[in-house]
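> with the input below, show me the fold.
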Amino acid sequence: MKKWILFIHQIAQDAPNLRVKVWRDLKKYGAVLFKNAVYILPYTKEHEEIMQWLCKQIKDNGSDASLFITQSLDKKQDDEIIKAFHETCSKEYIAIADACDDLLHKIEKIEGTEGITDSLVSDFRKSLNEITKSTEYIARIDFFNASQKDRVSKKIQLIRQKLEGWAKTPKMEVGGINKIYRVKDYAGKKWATRKDIYIDRIASAWLIKRFIDPKARFIFLSKSKNKAPTDAIPFDMYGAAFTHHGNDCTFETLIKAFNLKYSALQPIAEIVHDIDLKDNKYDRKEADGIDQIIAGLSQRLKDDNKLLEKGIEIFDSLYQYYTSNKQGGDRRRNRIITKKRT
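Numbering: from 1, shown residues only. Presented below is the predicted three-dimensional model:
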């Protein structure tokens, strides 16, 4: 049978600060309140010394505390006590697992829709370090290996692998200002982006198809893949030339990179920017409606190729509208697009 330390204390009503301090100390040492009656710890010489010191502090402050060392009656009683330790530690591990899930969600969102910067990597590593420290703290007082411990360890490892993968991915900077890419160099290419496409990736694919590479083929990569195939041109992915840069979404980056001067693209770029970055930079009144349409399509169409087909129709229509409803304009380009579509 196992040996246990039992701790009972009674703190005066006029000593709230002492009460809080004792509660924090007991939690720090890993003591568990058993059946709402007594705090309990597995017996070790170190635990005995710690609890003796805590008793002395309480008594020196005018309150009372008692310490008992005892042995359980049978294995059933041991199991009941150990269960209390498991439940307490599991609650802590579950909270850490939730923090891991939140961080993973942020990482996957950045992977899928935004450019990864050194600043973001640094922020994510800081968050991971905080999670790791919390896990190590709980592990020190997890005397009986709660089942949630392995779950948290796997999540931390997954986050670490993703961040290490980012570090191994070569960075490429688009020359949106210093360099102009030639459309003719990008004819008949394969283009790659993350799966589960949304506004920026749909709009960027439309822009590529209509203004850069009419014969473009698109592939959609799972979130577990950090790099596009060598025979494909990545866009809206970390390490790609054509992705978020500065305050620009990928759609805006492509316009600048290929020096696309069609004025009807500007209002579309502003809509895509407002939806994707959610900073309301341009305050486009159309953004909410387009966002709702894309959201509805993405919920209904789980196949990225089918979703892109519908998305291309939407952006063809937007381009038609902004071309027809401006003075001067790109009517010639609009006729070319309409002819290709039909």
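> please make it C-alpha for all contacts and neighbour counts, starting now.
OK.
> how much space separates Gln157 from Leu128?
In this view, Gln157 and Leu128 are 10 Å apart by Cα to Cα, to the nearest Å.
> which one of these two is surrounded by more residues?
Leu128 (20 against 12; other Cα atoms under 10 Å).
> can you tell me the centre-most residue of this protein?
Lys106 (1.7 Å; Cα atoms, centre = their mean).
> buried residues in the helix or strand where that residue lies?
Element membership for Lys106 (DSSP states H and E) is helix 75-113. Residues of helix 75-113 classed as buried by neighbour count (16 or more other Cα atoms under 10 Å): 78, 81-82, 84-86, 88-90, 93, 96-97, 99-101, 103-104, 107, 110-113.
> quick one: the strands in the stretch 101-250 of the chain?
Taking DSSP state E, counting those that start in this stretch, the strands of the stretch 101-250 of the chain run over residues 190-194, 217-221, 232-234.
> what is the helix or strand just after the last one packed up against?
Heading C-terminal from strand 232-234, the first helix or strand you meet, by DSSP H and E, is helix 250-257. Helices and strands in packing contact with helix 250-257 are listed as helix 199-207, helix 265-277; criterion 3 or more Cα pairs under 8 Å, 6 or more residues apart in numbering; DSSP states H and E.
> Gly311 contacts Arg201, doesn't it?
No: contact criterion Cα atoms under 8 Å: Gly311 and Arg201 do not qualify, at 9.9 Å.
> neighbour-wise, which of these two wins?
Using other Cα under 10 Å as the criterion, Gly311 and Arg201 rank with Arg201 on top: 28 against 23.
> neighbours of the closest residue to that one other than its chain neighbours, how many?
Closest residue to Arg201 apart from its sequence neighbours, by Cα to Cα, 6 or more residues apart in numbering: Asp236 at 6.6 Å. By the criterion of other Cα under 10 Å, Asp236 has 28 neighbours.
> my guess is Asp236 contacts Asp248. True?
No: the criterion here is Cα under 8 Å, and Asp236 misses it with Asp248 at 11.3 Å.
> for the stretch 101-250 of the chain, give me the ranges with low pLDDT.
By pLDDT under 70, the weakly predicted segments of the stretch 101-250 of the chain are 111-119, 167-178, 223-224, 226.
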